[in-house]
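Asks: What follows is a predicted protein model with its sequence.
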Amino acid sequence: METIICGSGNASIDEVGGQVDRLLGVALEPHESSYFGGGYLTVTTELDEEIKVVDNSVEDGDGEVTYPEFAGHAVIVEIEETERGDELVGKLAGAPDLYLLKRVTW
């Protein structure tokens, strides 16, 4: 299993979400969460992978963004619980201004 984190410095959450939809063949849906600073996009695939697209420029009450380790990236894409990391990273490489930030395997 693996978690993949990608980031975009300039695109909006809607732009990145549209690219993820197109490149991965999913349909992200809007959700609200105070943990993620308000609205974010998410989908659980038929393989039980959770894909989230989060606006990482929104600060919480303590002045921190959701992913402080990647504060220079306005939008974060996180894919959790995947066994096809290489395939997904390859597909996301087709998105302009979306960069692989971290891969964690367990």
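Replies: Nice, thanks for sending it over.

Asks: Every contact and neighbour count from this point should use C-alpha atoms.
Replies: Fine.

Asks: The helix or strand Glu78 falls within pairs with which strands?
Replies: Following DSSP states H and E, one finds Glu78 within strand 75-82. Applying DSSP bridges, strand 75-82 is found paired with strand 2-8 (antiparallel), strand 50-55 (antiparallel).

Asks: Go ahead and name everything in contact with that strand.
Replies: Residues outside strand 75-82 that contact it (Cα atoms under 8 Å, 6 or more residues apart in numbering): 1-9, 11-13, 16, 47-57, 67.

Asks: Show the average pLDDT along it.
Replies: Averaged across strand 75-82, the pLDDT comes to 97.

Asks: Pull the distance from that strand to the chain's centre.
Replies: Here strand 75-82 is found 5 Å from its chain centre; the criterion is Cα atoms, centre = their mean, to the nearest Å.

Asks: Dump that strand to PDB, keeping only the CA atoms.
Replies: What follows is strand 75-82, C-alpha atoms only, in PDB (Å, rounded to 0.1, in the frame of the first residue of the first chain):
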ATOM      1  CA  VAL A  75      -3.400  22.800  -4.000                       C
ATOM      2  CA  ILE A  76      -2.600  19.300  -2.700                       C
ATOM      3  CA  VAL A  77      -3.700  16.000  -4.300                       C
ATOM      4  CA  GLU A  78      -3.500  13.100  -1.900                       C
ATOM      5  CA  ILE A  79      -4.100   9.500  -2.900                       C
ATOM      6  CA  GLU A  80      -4.400   7.000   0.000                       C
ATOM      7  CA  GLU A  81      -4.400   3.200   0.200                       C
ATOM      8  CA  THR A  82      -3.300   2.500  -3.400                       C
END
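
Asks: Tell me the helices and strands packed up against whichever helix or strand comes after that strand.
Replies: Next in sequence after strand 75-82, counting helices and strands by DSSP H and E, comes helix 85-92. On a contact count with 3 or more Cα pairs under 8 Å, 6 or more residues apart in numbering; DSSP states H and E, helix 85-92 meets strand 2-8, helix 13-24.

Asks: among the ones you listed, which is the most enclosed?
Replies: Comparing these by mean neighbour count (mean count of other Cα atoms under 10 Å), strand 2-8 ranks first with a mean of 21.

Asks: of the strands paired with strand 75-82, which approaches Gly38 most closely?
Replies: When the strands paired with strand 75-82 are compared for distance to Gly38 using Cα to Cα, the nearest one is strand 50-55, at 8.4 Å.
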